[in-house]
Structure formats: C-alpha cells, structure tokens
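> 3D model of this:
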Amino acid sequence: MADAESGVVPAVEATADDIATMEIRGAATIADAAAAALATQADRSGAESPAAFRRQLRAAARTLYETRPTAVSLPNALRYVLRGMDGETVADLRASTIARAEAFRRDLERAQETLGEIGANRLRDGDVVMTHCHSTDALACIDVALESGKAIEAIVKETRPRKQGHITARQLREWGVPVTVIVDNAARRYLDRADHVLVGADSIAADGSVINKVGTSGLAVNARERGVPVMVAAQTIKLHPDTMTGHTVEIELRDEREVLSDEERATIVGGGDDEPVADDDGLTVDNPAFDVTPARYVDAIVTERGQFPPESIVTLMRELFGETTDEPWTA
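Down below sits the predicted model:
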C-alpha cells in the first residue's frame, strides 16, 4: 500500500533506504536502482487522475533524491525518467514512464561496456594499476583489458572507514588478477610500482574537477609527484550539469560512528558503566564521504562517449544537458 499522504509505494521507500545506508552503492548502481524504483512507482500507483499520478511520481523522485546529495547519477536518472513521462491519461503516463525507465537502464548497461572498451585501450600488457574505493566503471576497464589477453596487476587501497577496497580486491581476485591490498596511508610508497592510478567518480564538475571517495585527491597529488597518470572512469550520468551555472557540489558527511564507535569514543573521553559519556564531551568526529580532485591532477576522464582531458569535459556536458538544468521533482 502506498503512503497515504504522498502516494509513494513501499518499494520506493525501501530502495531509498538501501541507497541511504549504502546497501546500494556505486553511481551506476544507484542510478539503475532509482530508475527501476520510478518504474515500480508508476506500475503500482493507485492514482485516479493524471495530476495525482504526476504528483506521486514527483514525490517518489524526491524521496529518492534526498538520500545521497553527492551522487549526481541519482538526480540525472530521475530527470531522465521524469522528462519522459507523457500522456493525457493515467494509462499513458504509466506506460511512458515505465518505457522511459527501461530505456535508461538498457542504455546504462551498454554505457559501462563501451566505457570499459575505451579505458582498456589505455592499459598495456603487464601494467600495474592502483585503485581507490570501489568503482564498477574502473573495473570495467580492467575486465576488458583482461578479456583482450593483457596481464594486469592491482594495488588496492583498502579505503577507510568502510573498506570498499575489499570489494574491489575480491572482484579482481575472482578474475585472477594478482592483488596487493595496502592501507590508505601507504599509497605514496607503492606508487613507485604503479603504471596507472585508476579510479571512478561520483560526480564530475564542469571545470573537470572530480568528486570521488575521500582520499582520491591526496592520491592524485602524490601520483602527479611520482609521474603516475591518473585515469578517471565515469559514465556520463556522473557529469554534474548544475556546476555549469555556478552551483557547488555538496559533500556528504556520513555517520561519525563509521569512524569511531561508541565504545572507542568512551576510551578517548572517559566514561564507563558507572560514568556515562556526556553528550557534550568535547570530541568532534568528521566523516566526509568525498573530496574534490582539481582537474590539473587528472590526466584523462574516460566515458562511454570517449576519453577527454578534464578541461574539455564541459563541452560534453553542454552537448548532453544544455546550459541549464532544473529539478522536475520540485515542480
């Protein structure tokens, strides 16, 4: 049954919860899940008028949008699906929305395959790549390189505090890639063994700067000093069109308990069974999920539309999105 006030169906609420808690992670996976959720909303909507149907779809999109402010693939997916909602009757609106969502998901699947083929051309037989966090776009480049017969090795940063690098390491080992897992702070030392730094992106701004898992910026600076090229693999759904008009990208702050558990906090500030920790204990924990890597530290941005120097990504952005964007879920 849909929420009585908004008309949002439970499956959409569940998808939003999974995105917020990172059960669903990765920009492409988030975008795919969002499009599928809107199709589900359209299919299960009990709206009796076109106006009510549109309101419910916008409410569902808003519910999804509010989960992850930095992952621009999410609003890009929502914009794409909502702008395809067309018709004079509820039946027409339902059919057009579902068709649009299905088309988006098909294009998304092909985009990663094409991106992987383009990115694999930058990798040579015997190369060693260093990765940060977990990116299906970055892994697609390695996958195609392996399929073409190239031998690839990987140095995988564990990527604290959630250790998404373990996911990357597990996938690479399943493909037979030799993997060395390192702590984040060891990256500078191991860059001497790397031929490429290969990362994904959650958002890319119009000036070519890359918003990715916190730690990417420091890795890119160290790589430049070591002469190791930095390749960013990112589908065009990760381009942030709002940045063309001066908007900045919001950096998500996650739960401090990912960094410091309640038990660990107690060992720092004191307290115990008989002496509980005060609410205002003087200890602040910041947990930014992302940082910004300036374009000058990036050698190439690889997309399904080709590879680009970061300074020229705005041209592609204008081609895909025009000069301005809006937020159809607020209409």
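
> where do the helices sit along the stretch 151-300 of the chain?
165-174, 187-190, 216-226, 262-269 (DSSP state H, counting those that start in this stretch).

> List the buried residues for the longest one?
Within helix 216-226, the residues that count as buried by 16 or more other CB atoms under 10 Å are 216-224. Glycine gets a C-beta too; all of them are placed from N, C-alpha and C.

> avg pLDDT for it?
Averaging pLDDT along helix 216-226 gives 98.

> residues making contact with that helix?
130, 132-133, 157, 187-188, 191-192, 194, 197, 199, 210, 229-230, 290-294, 296-298 (CB atoms under 8 Å, 6 or more residues apart in numbering).

> rerun that using 10 Å as the cut-off
Residues external to helix 216-226 that are found in contact with it (CB atoms under 10 Å, 6 or more residues apart in numbering): 130-133, 157, 159, 184-185, 187-192, 194, 196-197, 199-202, 209-213, 228-230, 232, 290-294, 296-299.

> Could you export it as PDB, CA atoms only?
Extracted in PDB, the C-alpha atoms of helix 216-226 (Å, rounded to 0.1, in the frame of the first residue of the first chain):
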ATOM      1  CA  THR A 216      41.200  10.400  -4.000                       C
ATOM      2  CA  SER A 217      42.600  14.000  -4.100                       C
ATOM      3  CA  GLY A 218      45.600  13.100  -1.900                       C
ATOM      4  CA  LEU A 219      46.300  10.100  -4.100                       C
ATOM      5  CA  ALA A 220      46.100  12.100  -7.300                       C
ATOM      6  CA  VAL A 221      48.600  14.800  -5.900                       C
ATOM      7  CA  ASN A 222      51.000  12.000  -4.900                       C
ATOM      8  CA  ALA A 223      50.600  10.400  -8.300                       C
ATOM      9  CA  ARG A 224      51.400  13.600 -10.100                       C
ATOM     10  CA  GLU A 225      54.600  14.000  -8.000                       C
ATOM     11  CA  ARG A 226      55.600  10.400  -8.800                       C
END
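
> on that earlier part again, can you tell me which of the helices of the stretch 151-300 of the chain comes nearest to Thr40?
helix 165-174 (26.3 Å; CB to CB).

> quick revisit: want to throw the helices of the stretch 151-300 of the chain into a markdown table with distance to Pro310?
A markdown table is the format used below for the helices of the stretch 151-300 of the chain (distance: least, CB to CB, whole Å):
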| stretch | distance to Pro310 |
| --- | --- |
| helix 165-174 | 23 |
| helix 187-190 | 21 |
| helix 216-226 | 11 |
| helix 262-269 | 39 |
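
> Identify whichever of those helices lies nearest to Phe53.
Per CB to CB, nearest to Phe53 of those: helix 165-174, 38.3 Å.

> who does the closest one touch, helix- and strand-wise?
On a contact count with 3 or more CB pairs under 10 Å, 6 or more residues apart in numbering; DSSP states H and E, helix 165-174 meets strand 128-131, helix 136-147, strand 153-157, strand 179-182.

> Give me the mean pLDDT for the first one.
Read it as strand 128-131. Rounded mean pLDDT across strand 128-131 is 98.

> Over to the longest one?
Averaged over helix 136-147, pLDDT sits at 97.

> mind saving the C-alpha coords of that helix as CSV?
Extracted C-alpha coordinates of helix 136-147, given in CSV (Å, rounded to 0.1, in the frame of the first residue of the first chain):
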residue,chain,number,x,y,z
THR,A,136,32.3,-0.7,-11.4
ASP,A,137,33.3,1.8,-14.2
ALA,A,138,37.0,1.4,-13.3
LEU,A,139,36.7,-2.4,-13.0
ALA,A,140,35.1,-2.4,-16.5
CYS,A,141,38.3,-1.1,-18.0
ILE,A,142,40.3,-3.9,-16.3
ASP,A,143,37.8,-6.5,-17.3
VAL,A,144,38.0,-5.6,-21.0
ALA,A,145,41.8,-5.5,-20.8
LEU,A,146,41.9,-9.0,-19.3
GLU,A,147,39.5,-10.3,-22.0
